[in-house]
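Engineer: need a 3D model of the following:
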Amino acid sequence: MTIGHNPPCNSERASRASCLVLAALAGTAFPALAQFTDGCPSAPTVSEGLFGFDLSAATSDPFPYEPGCADDRRPFIDQWIRYVPTSSGPVSISTVGFTTGDTVLSAHDTSDPATDCDLYRFFIVACNDDAGGPQSRMILIAEAGRPLLVRVAGALETRPSGSVRIEAVAPAAGDTCDVATLALDGLNTYDTSAAVVNSFDGCYGFRDVYFTYTPGVRGALTVSSCAQPTEASIAVLDGCGGNLLACSDYGFCSAQLVVEAGIPLIIRLSNDSSVGPEEFTIALDPDGIAPNDTCEAPAPATLGDTSFDNTFATTGGPVACDFGDPFFSPGLDVWFTVTPSATGTYDISTESSTDISSTRLAIYTECDGFPIACDEPGRGFLSFIRTPLTGGQPYLVQISGTGAPGGAAPITRGEGILSIRQSVPPSNDECDTATVAVVGLNPYNLYDATTGSQVPTCVPINLITRNDVWFRHVPAANGPVEFSLSPEGTAFSLSVFADCEDATAAETAGVFYDPAAFAFQPRMIVDGAAGVPIRVRVATLQFADTFTPLRGDGDLYVGPPTTPILVNDTCADAIPLLEGATAIDLTGSIKDCATDGGLSFDSCAAPTDNDVFFRYSPATSGRPTITIEDGVDYPFYDGLVVSVYDACGAAPIACSLPSGDAPQGALSFDVVGGSEYIVRVASVLYFGSQNIQTGTITLGAPIDCSCVGDSDCDADTDSDDIVVFFAAWENGEPAGDVDNDEDTDSDDIITFFASWESGC
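Structural biologist: Residues are numbered from 1 along each chain as shown. Take a look at the predicted model:
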């Protein structure tokens, strides 16, 4: 592009937009000193002034650039200028009033002219798309003599023309915290459109101004920008760069807090959309503090729901339930007293709240004591406690907001619901009171269930079963009976016991995967005998350090098997595995929990789901290899997993899923001729994008590893065999048996590589 001025209005190339721009510039005191250029490396060096741009013939970078302030706005057509500030301080770079087009401006730090045009996108220091309209304006702090690359682009791949004005500007009153403007009770005026120095100090927004305010009395303070053309984000701090005391959340236009008389505060108003002066109000109510703000003046609460509001609460009393988490420190607490009429287990929660987003609960018997219960931090941002309470004993309930004032996250505040209910176990909470399970669906609800002492097998490591209920089914005839849990239910542990006195399950459900429904569910097939009761335990699975109950319910299915039973679905029913290829289809199989002793026992069974079994009886000793074809390439964490055992329930002697790794495509293991081995093929637990159910495994003949370095056990080493073979091949001698043993040359080579691949 040729550097020059915009064409005159009588030129054939002139556009109406160009003429309008030229007319606007006619009276300006900033003559055009240079013009933006199409290529960043050729950008002219300028200081402050007015500089023309014309994107009508401009191009984009080889890699079109879209700065963060113009998400999905496609500002790809651009021009450049290199600006060297003559002094340090705030600088305005703007197209407002100097173009009718839709522009995007960005400024990029530069220290090395040889490379800055290659790295500019990594060093953006300011950006603006629409400064109250289609034009752009950004204000940044410049350093005298330190160059900045200035980029102008057309939004939506348009090609506007006009000028960019670069000028030093003076900060307005209140533009920085150290020169905050005095605010008084009642109506105040602010103007962020004139803000020069901007920050993220506070809650939200970038363009900001600061005020200082000193309450005359102790009370409930509300700072509001509601009912204005544009609503500001409001932050209240205890000083410049200090703790964030209150904030107007997204969708709100006011900030509230309790303030003390005579202690000054900083109020930050941020408004990126304001185009001129607007108003905010300060209201201080000495009687607005929550009446139950202290432990000594709690409000009464009963069973059911009680409203609470910590908007105008202070932080006081013990904070023993803070869990040491700096981002969720409790504060702004209100207090309630509750006296249960009967001894029992009770649920105290704030989980029905919709206004306040995060709380902390604690229960005390006296104001100066330690809490007898704290809410479960892993449950969620709202609070839940399940704890025993004594009838007739008064208890104190402390509800706090949470946050990190020192980390720009004020304590949460607002209206909420305190819910108190007595937790009564279901009628089938014990084995002796089991519900009769009929053929079909049997509903269960575990929310109020307790945890018995019975222990199922096949529980994943780091998990335990909790909140169990019981069913009792008496088969009408001999034959297989299916027990399974609905996949959308809460429970995921299913086991059967011979009688209520047994501590360990006779059988535990494995995982069944339904590819059509893309669902996993616990399922087992039990050999039922007519008239002999089967006791079924249904429970949740939870991490050992989680103590609160899971919400929800579900259904237990009892009846004939819903899908065909695979002949080799259990280890006890393993079928022969022969050398060569064997097709695998796990569809409809159930994980055999009788073979799973947990991750510490079997690193291959624990992290896998449904499975099938084979019996392998090698005729000779050696080292066979099983290769796996399932359409998945290592190292993706999907695919079929093969493991080998000496017997059902034994520890694995080989596994294609090394601990901490992805499934491998082959495994080798040592065998003794005439012995029997169990080969298990399973699907890996669903962690990836698919759950593989089909494929092929290929079993190779055992390789004799007794002749290390001489795989064919002749008089020559492996290297001798290969050297002789290739020497003969290079000399044109006929390939056959160049080392004169009983194997052909190709047999020797095949034997060597098979031995090498098998790990001999």
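
Engineer: could you use CA atoms for every contact and neighbour count after this?
Structural biologist: Noted.

Engineer: how is the protein partitioned into domains?
Structural biologist: 16-168, 177-285, 299-423, 436-559, 571-699, 718-757 (automatic domain parsing).

Engineer: indicate which one of these is closest to residue 430.
Structural biologist: domain 436-559 (6.3 Å; CA to CA).

Engineer: need the distance between the two termini of the closest one.
Structural biologist: Taking CA to CA, to the nearest Å as the measure, domain 436-559 stretches 13 Å from start to finish.

Engineer: quick revisit: can you add mean pLDDT and mean neighbour count and give the domains of the chain back as CSV?
Structural biologist: Listed next are the domains of the chain as CSV, based on pLDDT from 0 to 100; neighbours: other CA atoms under 10 Å:
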stretch, mean pLDDT, mean neighbour count
domain 16-168, 82, 19
domain 177-285, 90, 20
domain 299-423, 90, 19
domain 436-559, 89, 19
domain 571-699, 86, 20
domain 718-757, 67, 16
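
Engineer: in TSV: those, plus distance to residue 293.
Structural biologist: Shown next, in TSV, are the domains of the chain (distance: least, CA to CA, whole Å):
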stretch	distance to residue 293
domain 16-168	44
domain 177-285	11
domain 299-423	5
domain 436-559	28
domain 571-699	48
domain 718-757	74
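
Engineer: out of the ones you listed, which comes closest to residue 292?
Structural biologist: Once those are compared by CA to CA, domain 299-423 is nearest, at 5.5 Å.

Engineer: centre of the chain to that closest one, how far?
Structural biologist: 27 Å (CA atoms, centre = their mean, to the nearest Å).

Engineer: where do the strands sit along the stretch 401-550 of the chain?
Structural biologist: 415-423, 435-436, 440-445, 463-473, 479-485, 493-497, 507-508, 510-514, 519-528, 534-543 (DSSP state E, counting those that start in this stretch).

Engineer: need those in a markdown table with distance to residue 680, can you?
Structural biologist: Shown next, in a markdown table, are the strands of the stretch 401-550 of the chain (distance: least, CA to CA, whole Å):
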| stretch | distance to residue 680 |
| --- | --- |
| strand 415-423 | 45 |
| strand 435-436 | 36 |
| strand 440-445 | 32 |
| strand 463-473 | 24 |
| strand 479-485 | 23 |
| strand 493-497 | 22 |
| strand 507-508 | 18 |
| strand 510-514 | 15 |
| strand 519-528 | 18 |
| strand 534-543 | 25 |
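
Engineer: residue 702: which of those is closest?
Structural biologist: The closest of these to residue 702 is strand 510-514. By CA to CA, the value is 32.8 Å.

Engineer: got the angle between that closest one and strand 519-528?
Structural biologist: Here the directions of strand 510-514 and strand 519-528 differ by 130 degrees (axes from the mean of the first three to the mean of the last three CA atoms, to 10 degrees).

Engineer: quick one: the strands in the stretch 201-350 of the chain, in order.
Structural biologist: Here the stretch 201-350 of the chain has its strands, by DSSP E, counting those that start in this stretch, at 208-213, 219-224, 233-237, 244-247, 254-259, 265-270, 278-285, 299-300, 304-309, 329-338, 344-349.

Engineer: so which of those strands gets nearest residue 416?
Structural biologist: Nearest to residue 416 among the strands of the stretch 201-350 of the chain is strand 304-309 (5.3 Å), distances taken as CA to CA.

Engineer: quickly run through the sheet partners of the closest one, with directions.
Structural biologist: Strand pairing for strand 304-309, determined by DSSP bridges: strand 415-423 (antiparallel).

Engineer: quick one: end-to-end length of stretch 652-671, please.
Structural biologist: End-to-end distance for stretch 652-671: 13 Å, by CA to CA.

Engineer: equivalent analysis for stretch 281-301, please.
Structural biologist: With CA to CA as the measure, stretch 281-301 spans 35 Å from end to end.

Engineer: same thing with stretch 117-135?
Structural biologist: End-to-end span of stretch 117-135 (CA to CA): 25 Å.

Engineer: wait, a helix at residue 641?
Structural biologist: No - using DSSP: H, G, I helix; E, B strand; the rest coil, the assignment for residue 641 is strand, not a helix.

Engineer: what about the nearest residue to residue 643 once chain neighbours are set aside, distance to residue 437?
Structural biologist: Nearest non-adjacent residue to residue 643, counting by CA to CA, 6 or more residues apart in numbering: residue 655, 4.2 Å away. Residue 655 is 40 Å from residue 437, where distance means CA to CA.

Engineer: what of residue 530?
Structural biologist: To residue 437, residue 530 is 15 Å away according to CA to CA.

Engineer: what separates stretch 411-424 from the chain centre, distance-wise?
Structural biologist: Distance of stretch 411-424 from its chain centroid, counting by CA atoms, centre = their mean, is 27 Å.

Engineer: start the count at 844 instead of 1 going forward.
Structural biologist: Sure, I'll start numbering at 844, so the last one becomes stretch 1254-1267.

Engineer: okay, the strands of the stretch 1044-1193 of the chain in a markdown table with distance to residue 1503 next?
Structural biologist: As requested, these are exported to a markdown table (distance: least, CA to CA, whole Å):
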| stretch | distance to residue 1503 |
| --- | --- |
| strand 1051-1056 | 50 |
| strand 1062-1067 | 54 |
| strand 1076-1080 | 47 |
| strand 1087-1090 | 43 |
| strand 1097-1102 | 49 |
| strand 1108-1113 | 49 |
| strand 1121-1128 | 58 |
| strand 1142-1143 | 54 |
| strand 1147-1152 | 48 |
| strand 1172-1181 | 36 |
| strand 1187-1192 | 39 |
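
Engineer: for residue 1462, find the nearest of those.
Structural biologist: Nearest of the strands of the stretch 1044-1193 of the chain to residue 1462, taken as CA to CA: strand 1187-1192 at 64.3 Å.

Engineer: which neighbouring elements make contact with that closest one?
Structural biologist: strand 1227-1232, strand 1258-1266 (3 or more CA pairs under 8 Å, 6 or more residues apart in numbering; DSSP states H and E).

Engineer: for the strands of the stretch 1044-1193 of the chain, which one sits closest to residue 1215?
Structural biologist: strand 1187-1192 (12.8 Å).
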